[in-house]
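Asker: A structural model of the following input is requested.
(2 chains)
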Amino acid sequence: MGSSGLARLQGLFAVYKPPGMKWLHARETVELQLLKGLNAAKPPAPEQRVRFLLGPVEGSEEKKLTLTATSVPTLTTHRLVRGPAFTSLKIGVGHHLDARASGVLVLAVGHGLRLLTDVYDAHLTKDYTVRGLLGKATDSFCEDGRLIEKTTYDHVTREMLDRILARIQGSHQKALVMYSNLDLKSQEAYEMAVQGVIRPMNKSPMLITGTRCLHFAPPEFLLEVQCMHETQQQLRKLVHEIGLELKTAAVCTQVRRTRDGFFRLDDALLRTQWNLHSIQGAIQSAAPRVAAELERNLRLRLGHQQLPSAGQPWGSKDPSSTVEVESYSGQ
Amino acid sequence: MALLLGQIPRWFNSIKLSSFIKASQITKQSARPGKTLSNGFSPQALLLSSDNCFLQWEIKTYRTSSLWNSFQSANSNRQENSSLQSTLLPSVSEKPEIIPSLESELPLEELDDLPPLSPMQPISEEEAIQIVAHPLLPLSSFTLGDYIDHSETLQRLVQLGGQSCAQGILCQPASRQLLPEQRKGQKGERGVDLSKIERHVDAANLLLRLDFEKDIKQILLFLKDLGLEDNQLGPFLTKNYSIFSEDLENLKTRVAYLQSKNFTKADIARMVRNAPFLLSFSVERLDNRLGFFQKELELSVKKTRDLVVRLPRLLTGSLEPVKENMKVYRLELGFKQNEIQHMVTRIPKMLTANKRKLTETFDYIHNVMNIPHHIIVKFPQVFNTRVFKIKERHSFLAYLGKAQYDPAKTNYVSLDKFVSIPDEVFCKEIAKTSVDDFEKFLKTL
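Answerer: Numbers count the residues shown, from 1 in each chain, chains lettered A, B, ... in the order given. Take a look at the predicted model:
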């Protein structure tokens, strides 16, 4: 029945957005498929209206009339008269993915829309695999942009690349601490830093929490990047800058998100699985994890607010406190 | 237009006496028992007349004349109570403009002698029971659901194709119970979809005014003679509701024209089913279009006929995209005329394909998959599939090293199997892997 189908369609789930598709188009395709599935459910029995009809009194010889209440079927609620039962669904999108990138895209439907803000406020990190190509530079940092320069890359070695990535990670680590607004001199902040849980809980520029090289075969190389508050174009720019650091040029050929918060590649649904049944299954399997993670992050965020912050007097609990977002250029 | 009740008395005062007689004459003439008619009839008056002032006085006069009838108990004919069905479903054909010629039982002079009305007047039990106070139908509405319970035409249109009686559309909708077949959800409701028609205001008004027995049934029988099944009539009428305003003679002429062009009866039925607007085109227009396709594609008469039967919306759709696509094939994609003819006879949909998708598909197939023209001509189905499907499957085969589309060499993958078979068969036979591997690969793209 449609109502039970809708009842199980409340929560968060992840889809795998293929490259070349806009995120809005993905969301609309999912909405269409869900509506198709919901409208295909068996229509309810035709509604009955109570009418008081004139009729002869039973068991009387004369023709006497009386009003009897009878249930009469009515066509006002028929599918063909009223239209399909469901015409639109509210589906929210988590962190965007631009058209050229691919990967895990979190969607929320029904009550999950409320959880979406909580997920955003949890400021979780995301994992990307970024593929780069040495030897040329373009204006849009992608392969199909306008070519700006071509260089040689024979001098580039794996160690050089690793060193540069380590330097990037180190400078971003410093920025992490700065934007998280904590006074590192306190004991609680030190413990958090030891566990590696420090991250800004409010707006900040793109911050890389970890990066390493998975595969290096010149001219191609594959990086894994863990970051937050990023856009895919900034990751492509990062590849371009890595090329500059290596004294050569590089373009980015692929940006793919492998993890968004606690949704991984295994949880993401492929295009063939964008239908009512699979999505309901995905929502139900993800629901306990979502609840646990959000609760953990809520505690963390509350604890974060209570800690002494670097530039503020102790005890101020304003979560969206003043940090000017400077344009941070990766050093 | 919404009607305020306060306006009615003013209208009532300005009624001419003759029009008052009209109303009472009609009330007398309708062979139905007294009171239950009037309130059931006034909605019909509302449905039928398009003139607002006509509407306004009728409401009041019917109510008045019904109560006045109660004082004419000596005069009025007490007719037997017919079954309630007929009172609640008065036929829509009764038009108030038709003034019956029989003299009224209420001569002009007696009108002044009639006692004034008063709600405190005592009336008998039977009369009390027969006062019916249904809520009035809305004067104007944006949905046909408000009127469907009072209009037999609409009910029979919705239940078209779902009845199991032997005569099909000819029999009445069996009492007020919906048949079991209509209750369970079929694979697609097979009646006329009123929710789509009510978006077009003129169409909805037309359907409300038509009578099933007189106007609609003739056209439905004509369509059935053509070869359309009962359950195909509903979707046809949803698309082409304006066929009710066509002349039956014109429709017959057009069918005769098609038959003269050597289209068989089954062909014509198929064409009409797939392109519902075909019969709304005049003979000259159909002729022009058939001529256009014959000239443009330079095909023989028989092949043009087959093409049009397979895709009749070529005749009803716009011709500009077809001209554009022919130019694209010739100039941009570089196919020769006989190649285009061959491809179009195999896949007629290519003529109406989207230009951008066409160029994108061709670009990928020719430049990335490196398939030359003469092989593409052999498999025009590639232009009918989604681009992403082709890209995914090709990149998977390229990753496995099995992307070989040249029939001369070994391990040849034919393009028709490449695009048409479902995923499981593709993975098992062509890629020789499992579907899981294909999915894992897709997640690395």
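
Asker: Secondary structure element holding the closest residue to A:Leu214 other than its chain neighbours?
Answerer: What sits nearest to A:Leu214 in space, not counting adjacent residues and going by C-beta to C-beta, 6 or more residues apart in numbering or on different chains, is A:Leu222, at 4.6 Å. For the C-beta atoms, the positions are set from N, CA and C on the backbone; glycine is no exception. Using DSSP states H and E, A:Leu222 sits within strand A:220-228.

Asker: Centre of the chain to that strand, how far?
Answerer: 18 Å (C-alpha atoms, centre = their mean, to the nearest Å).

Asker: how about the helices of the stretch 151-300 of chain B, start to end?
Answerer: Using DSSP state H, counting those that start in this stretch, the helices found in the stretch 151-300 of chain B span residues B:152-158, B:180-183, B:194-197, B:201-209, B:217-226, B:230-239, B:248-260, B:265-274, B:283-297.

Asker: Kindly compare burial across those and name the winner.
Answerer: Highest mean neighbour count among these (mean count of other C-beta atoms under 10 Å in any protein chain shown): helix B:152-158, with a mean of 23.

Asker: does chain A sit close to that one?
Answerer: Yes: using C-beta under 8 Å from any C-beta of the partner chain, helix B:152-158 comes into contact with chain A via B:Leu154, B:Gln155, B:Val158.

Asker: Please name the nearest non-neighbouring residue to the residue in the stretch 1-150 of chain A positioned nearest to chain B.
Answerer: Closest approach between the stretch 1-150 of chain A and chain B, counting by C-beta to the nearest C-beta: A:Gly83, at 3.5 Å. Distance criterion C-beta to C-beta, 6+ apart; nearest residue to A:Gly83, sequence neighbours excluded, is B:Ser195 at 3.5 Å.

Asker: Spatially nearest residue to A:Val15, not counting backbone neighbours?
Answerer: Nearest to A:Val15 is A:Leu269, by C-beta to C-beta, 6+ apart, at 4.9 Å.

Asker: For that neighbour, give me the pLDDT.
Answerer: On pLDDT, A:Leu269 comes in at 95.

Asker: list the contacts for it?
Answerer: A:Phe13, A:Ala14, A:Val15, A:Tyr16, A:Ser278, A:Ile279, A:Ala282 (C-beta atoms under 8 Å, 6 or more residues apart in numbering or on different chains).

Asker: What are the contacting residues of the helix or strand hosting A:Arg163?
Answerer: Using DSSP H and E, A:Arg163 maps to helix A:158-179. Contact partners of helix A:158-179, identified using C-beta under 8 Å, 6+ apart, comprise A:184, A:193, A:198-200, A:202, A:204-205, A:207-213, A:216, A:221, A:223, A:238, A:242, A:245-246, A:310, A:323, A:328, A:330-331.

Asker: list the buried ones in stretch A:25-32?
Answerer: With burial defined by 16 or more other C-beta atoms under 10 Å in any protein chain shown, the residues of stretch A:25-32 counted as buried are A:Ala26, A:Arg27, A:Val30, A:Glu31.

Asker: for stretch A:75-90, same thing?
Answerer: A:Leu75, A:Thr76, A:Thr77, A:His78, A:Arg79, A:Leu80, A:Val81, A:Arg82, A:Gly83, A:Pro84, A:Ala85, A:Phe86.

Asker: for it, what is the average pLDDT?
Answerer: pLDDT averaged over stretch A:75-90 gives 88.

Asker: Kindly report the same for stretch B:370-385.
Answerer: 93.
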